[in-house]
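Visitor: Compute the structure for the input listed below.
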Amino acid sequence: MESKLVKINKRRKAEKKEGISRRSFIKSLGAAGAAGIAGCADNPAQKILPFVKGDTTQIPGVAVWYSSTCKECSAGCGIQVRTREGRAVKIEGNRENPVNRGGLCALGQAALQSLYDPDRIREPLKKVSEGGREIFKPISWEDAFSEVAEALKEEGYKAFLAGELTGTVADLWDSWCQDHDIQQAVYDPMQPVDLARASELTFGHYGIPKYNFEKAEVIVSFGADFLETWISPVEYARGWAAGRKPGNVSRVIHIEPRLSLTAANADKWIRSKPGSETAVALAVLKLLVERGNGKNLSESVINRLKKLVSKVNIEEVAYVSGIKRSTVLLIADYLHQARSSLVLAGGPAASKERPLGLFVAVNFINMVLKNVGRTVDISRMRKPRTSVRKVSELVAAMDKAKVKTLLVYATNPAFSLPQSYNFRYAAKKVSKIISFASHMDETAKLADIILPAHHSLEEWGDAHPFNGVYGLTQPVMRPVFNTRSFGDMLITLSEKSGNKKAAYGAANFEEYLKNAWKKIHVTSGSAESFKSFWLKAVERGGYFEDLEKHIPVRVSVKDEAYTVVAESFKEPEHDHGLMLYAYPSVRSFDGRAANRPWLQELPDPVTKIVWDSWAEIHPETAGKAGIKNGDLVAVRNKYGDLKLAAYITENVDQGIVAVPLGQGHTEYGRYARLVKGGNVYDLLQTGEDSDGVVLLGSHVEIKRLPGRPKLVNTQGSDSQHGRGLARTAIVAATAASHSNGHNGGHHAHQEGHHEIKQMYVQREHPVYEWGMVVDLAACTGCSACVVACYAENNIAVVGKDVCWQGREMSWLRIDRYYEKKGEELRVSFQPMMCQHCNNAPCEPVCPVYATYHNEDGLNVMVYNRCVGTRYCSNNCTYKVRRYNWYEFKLPEPLNWQVNPDVTKRTAGVMEKCTFCIQRINEAKDIAKDQGRLVEDGEIQPACVQSCPTEALVFGNLKDPNSRVSRLAKSGRGYKVLDHHINTQPSVTYLEDLKWEIT
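Guide: Below you'll find the predicted structure:
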């Protein structure tokens with residue numbers, strides 16, 4: 001049989017003999033037409049000159065990757081930034097960094113939209129009065145530096161308020177402020193500084209311990225939402241998932257008044273009364289001490305603990321907390337019987353007026369359980385510098401007009417500092433405010449001069465989250481706007497102000513950074529030269545020590561620790577009034593991510609609401625106030641009020657109104673300002689004995705208002721309606737049993753891997769058959785994969801109104817289902833993308849063959865064939881196809897984020913998940929050039945690459961030794977609805993694993 005190529009060559013030879021070929025004829029027509037058109041042209045001939053002096057590191061069409069460190073929070077995750085033709089197009093996790101090992105949260109990935117934010121400050125600005133109002137006008141960098149330098153020379157009280165800085169830039173900032181006689185204050189509302197204070201009292205060392213979730217058999221959390229926003233969620237999620245593998249399934253008990261993402265993933269969520277967590281922790285401590293735990297401690301410590309908990313009455317604790325006595329005993333039994341455990345406290349539930357009692361009590365529990373040194377590592381502690389007390393003292397000085405010059409960088413206190421501190425009013429009494437903001441946020445709006453700083457992807461820097469981890473940050477592209485590095489600005493201002501004390505031994509911050517890293521080179525003990533050490537660190541994304549290496553640390557309990565716990569007995573009982581419960585979310589964090597459209601359109605993991613802020617209210621509480629779901633309600637107290645849509649749910653305690661943080665901006669950018677309703681920070685109170693922001697404790701009233709705002713919820717149904725979509729294997733357990741897989745448990749369904757008889761000959765896939773496995777036991781619902789898909793595949797953000805019509809464009813959604821059995825609530829998360837069915841219902845109904853099955857087993861789309869009949873969407877079993885009703889355009893320079901490897905779709909075209917076919921084709925081309933097949937794990941779609949818990953696995957199902965092939969044959973494996981409709985999906989789901997804790 002002749003090949004197609006041989007036939008084409010024969011035809012061309014025949015045409016050549018005949019004198020003129022079809023191709024030649026068309027070429028002659030084109031030439032004649034071009035000659036006629038040229039005669040009508042008025043424009044003179046122009047020479048086209050080549051780009052002679054190009055960037056040798058950039059090859060058109062070839063991606064260049066840069067290793068760096070994420071600066072979106074203080075976790076210190078490593079990242080790799082993909083650039084094309086000199087611009088960043090995708091941020092992914094760096095597997096070399098031990099903090100995240102390749103995973104990356106939604107916030108970190110959305111940093112790309114912060115880089116290209118059209119509302120970034122583009123050049124230095126100065127506030128001037130014009131026409132009776134104050135406006136900002138551009139000035140040169142020379143003039144800006146001169147004005148700030150003059151302000152630094154003047155006598156008087158000068159203060160610098162900054163966010164949580166880390167690494168070398170923090171050292172430079174300290175030296176700079178000291179050299180210029182400037183008072184320092186640090187403010188980041190997400191820093192658990194009271195936890196760090198409690199560690200100093202109980203362990204003798206200030207800081208936040210490194211928690212090893214993977215080593216814990218039983219995990220008990222008092223409100224710490226470690227899977228979403230608490231401290232280092234990617235690191236913790238990875239450790240949690242490692243402990244949930246078959247054969248080593250850890251048990252998780254979560255105590256909190258609200259169903260958070262961590263509560264939803266726990267084996268047992270215990271709903272507590274707000275503010276009662278300290279009493280419960282002390283009751284557990286009492287029971288453990290009575291059972292003989294703590295023999296590892298000195299006699300004096302254990303005797304003082306016995307005396308401390310002797311006043312605890314379990315029945316009273318049960319009454320105050322709303323938790324049954326038997327449940328309190330159950331928690332203690334599980335911890336007592338476990339071979340290894342971990343107890344945590346944090347989040348809004350622990351963020352109250354006097355939080356130290358809870359943190360110290362939890363530290364004592366870890367001490368008596370021998371967790372310190374194993375699951376609680378105090379040799380590698382994070383050391384936050386945030387101090388609300390110092391900020392409060394600064395604001396008091398501002399209010400008395402004592403502060404002459406205030407400098408602000410990397411923090412937005414005008415938005416995130418509670419109104420009760422009166423920052424906005426006090427700022428008016430400061431003579432000059434200088435901001436280094438990159439965005440025109442609420443605090444920058446108060447400034448007199450703005451010196452815009454680079455984005456972290458445009459500058460050199462580093463991060464030192466804890467001992468042994470030194471992450472590097474490097475510029476991955478040229479600055480988008482006329483901005484400067486913060487470190488460079490400090491050095492330049494020292495020179496301009498003529499400060500002789502400020503001798504930093506460097507002309508710029510890059511040089512200063514290298515000098516600092518010479519010390520790291522020495523302490524590393526490396527025999528190689530510094531140049532070689534530095535280049536390797538830049539390539540790798542930092543320098544990382546072996547974190548398994550044991551560092552001995554002496555524990556010393558201070559007397560004040562016992563006093564703090566004793567005083568917690570005097571805390572007033574909950575007065576049954578309504579308390580505000582303000583919580584951070586993966587969507588907006590503390591407000592810093594509010595101007596990123598990817599995150600605004602990302603459904604909240606638990607409520608599944610997009611583009612909005614809302615008030616979560618218990619049905620009984622709402623009923624008393626005459627409030628129905630979706631009503632407009634006022635949430636108010638003496639500090640201010642909010643106007644929000646009511647979200648009625650049983651997943652909050654009757655005594656709280658839960659509101660997400662971060663929305664309600666009056667400045668910051670066009671997308672942030674779209675979400676109305678008010679700023680929840682304004683309603684928060686000051687803390688009596690807290691050095692952080694108090695998220696729980698403010699008393700509020702709720703009142704129904706006229707109107708029903710659009711509350712857009714993307715979840716079709718909270719119930720699976722018995723269809724077995726997201727399945728769970730329940731593991732029967734007792735406190736005495738240990739993690740040994742899920743033997744003895746039962747599967748929700750028993751369909752297994754039976755083969756359905758087929759009427760027709762099945763498709764053959766000669767070399768590759770791409771498929772995916774989704775492990776529901778590892779999926780937390782964090783939505784990192786959803787944002788990764790948006791970023792990789794140029795998915796349009798459509799806005800609230802279009803989402804309201806059910807026309808969101810996300811290729812990958814995470815369905816959230818509730819299942820209630822008695823008092824127990826089971827929550828399931830299921831990533832749902834195109835299943836790439838071998839018997840796809842969408843393919844035969846397309847009249848133009850725009851969707852078809854290729855030889856690699858993929859259900860692919862030909863966009864320029866699609867005429868928009870939408871028959872395929874109607875026939876899709878899994879409802880994962882998206883239709884472009886409109887053509888959405890991104891404002892400049894947000895359109896720079898577009899991935900050039902993926903076709904940008906137009907109006908009237910259907911689209912869906914492609915398994916990132918552009919990555920598949922790239923890997924196949926490389927393998928072909930090297931004369932081999934694609935290796936297992938070589939291809940990772942965007943969702944797979946970014947998943948913090950490795951819940952998604954992709955590969956070749958034709959290869960029996962591939963990881964995806966082996967997992968697909970697991971006893972937990974099933975294919976959604978395949979048993980009913982024979983779609984033969986290429987995606988296999990593994991049942992979730994949950995302990996039935998009794």
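Visitor: mean confidence score for the strand or helix carrying Leu195?
Guide: Assigned by DSSP states H and E, Leu195 belongs to helix 193-203. Helix 193-203 shows a mean pLDDT of 96.
Visitor: what sits up against that helix?
Guide: Contacts made with helix 193-203 from outside it, assessed by C-beta atoms under 8 Å, 6 or more residues apart in numbering, are listed as 205-209, 345-346, 350-351, 355-356, 359-360, 362-364, 367, 372, 378, 381-384, 386-388, 553, 555-558, 560-561, 564, 690-692. For glycine as for every other residue, the C-beta is placed from the backbone atoms N, C-alpha and C.
Visitor: let's go with 7 Å and repeat that
Guide: Under the criterion C-beta atoms under 7 Å, 6 or more residues apart in numbering, residues 205-209, 346, 355-356, 359-360, 363-364, 378, 381, 383-384, 386-387, 555, 557-558, 560-561, 564, 690-692 lie in contact with helix 193-203.
Visitor: cool, and stretch 898-911?
Guide: For stretch 898-911, contacts defined as C-beta under 7 Å, 6+ apart pick out 84, 89-90, 792-794, 861, 863, 866, 868, 870, 872-873, 881-887, 918.
Visitor: how about a cut-off of 8 Å?
Guide: With C-beta under 8 Å, 6+ apart, stretch 898-911 has contacts from 84-85, 89-90, 791-794, 796, 809, 811, 850-851, 861, 863, 866-868, 870, 872-873, 881-887, 890, 918, 922.
Visitor: Now find how far off-centre it is within its chain.
Guide: Stretch 898-911 sits 26 Å away from the centroid of its parent chain (C-alpha atoms, centre = their mean, to the nearest Å).
Visitor: Just the mean pLDDT for it, thanks.
Guide: On average, stretch 898-911 scores 94.
Visitor: Buried residues in it, which are they?
Guide: Buried residues in stretch 898-911, counted by 16 or more other C-beta atoms under 10 Å: 898-899, 901-902, 905, 909-911.
Visitor: swap in stretch 84-98?
Guide: Within stretch 84-98, the residues scored as buried using 16+ other C-beta under 10 Å are 84, 87-94, 96-98.
Visitor: got it, and stretch 516-534?
Guide: 516-517, 520-521, 533-534.
Visitor: And stretch 986-998, by the same measure?
Guide: 986-997.
Visitor: Is it possible to get JSON lines of the residues you listed that adds secondary structure and pLDDT?
Guide: Shown next, in JSON lines, are the buried residues of stretch 986-998 (DSSP: H, G, I helix; E, B strand; the rest coil; pLDDT from 0 to 100):
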{"residue": "Ser986", "secondary structure": "coil", "pLDDT": "96"}
{"residue": "Val987", "secondary structure": "strand", "pLDDT": "97"}
{"residue": "Thr988", "secondary structure": "strand", "pLDDT": "97"}
{"residue": "Tyr989", "secondary structure": "strand", "pLDDT": "97"}
{"residue": "Leu990", "secondary structure": "strand", "pLDDT": "96"}
{"residue": "Glu991", "secondary structure": "coil", "pLDDT": "95"}
{"residue": "Asp992", "secondary structure": "strand", "pLDDT": "94"}
{"residue": "Leu993", "secondary structure": "strand", "pLDDT": "91"}
{"residue": "Lys994", "secondary structure": "strand", "pLDDT": "90"}
{"residue": "Trp995", "secondary structure": "strand", "pLDDT": "88"}
{"residue": "Glu996", "secondary structure": "strand", "pLDDT": "86"}
{"residue": "Ile997", "secondary structure": "strand", "pLDDT": "83"}
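Visitor: Looking at the residues you listed, which is nearest Cys785?
Guide: Val987 (13.1 Å; C-beta to C-beta).
Visitor: Could you tell me which of the contacts of stretch 898-911 are located in helices?
Guide: 791-793, 872-873, 918, 922 (DSSP state H).
Visitor: which among those end up buried?
Guide: Listed as buried from the ones in helices among the contacts of stretch 898-911 are 791-793, 872-873, 918; burial here means 16+ other C-beta under 10 Å.
Visitor: so which two of those residues are the farthest from each other?
Guide: Pairwise distances across those (C-beta to C-beta) peak at 25.1 Å, for the pair Ala791 and Cys872.
Visitor: Against Asn839, how distant is Lys975?
Guide: The gap separating Lys975 from Asn839 is 11 Å, by C-beta to C-beta, to the nearest Å.
Visitor: what is in contact with those two at once?
Guide: Shared contacts of Lys975 and Asn839, counting by C-beta under 8 Å, 6+ apart, come down to 983-984.
Visitor: Same list (the buried residues of stretch 986-998) but as TSV, adding distance to Glu154.
Guide: Compiled in TSV, the buried residues of stretch 986-998 are given as follows (distance: C-beta to C-beta, whole Å):
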residue	distance to Glu154
Ser986	69
Val987	66
Thr988	69
Tyr989	66
Leu990	66
Glu991	68
Asp992	63
Leu993	65
Lys994	64
Trp995	65
Glu996	69
Ile997	64
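Visitor: Which of the contacts of helix 193-203 fall in strands?
Guide: For the contacts of helix 193-203, membership in strands holds for 208-209, 378, 381, with DSSP state E as the criterion.
Visitor: if we can go back for a sec, mind putting the buried residues of stretch 84-98 in TSV, pLDDT included?
Guide: Output for the buried residues of stretch 84-98, formatted as TSV (pLDDT from 0 to 100):
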residue	pLDDT
Arg84	94
Arg87	94
Ala88	96
Val89	96
Lys90	97
Ile91	97
Glu92	96
Gly93	96
Asn94	96
Glu96	94
Asn97	96
Pro98	95
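Visitor: Going by distance to Ala463, which of those wins?
Guide: Taking those together and measuring to Ala463 by C-beta to C-beta, the closest member is Asn97, at 9.7 Å.
Visitor: and the closest one, what element?
Guide: Asn97 belongs to no helix or strand, assigned by DSSP H and E.
Visitor: What residues does it make contact with?
Guide: So, once contact is read as C-beta under 8 Å, 6+ apart, Asn97 ends up touching 69, 76-78, 469, 471, 541-542, 544.
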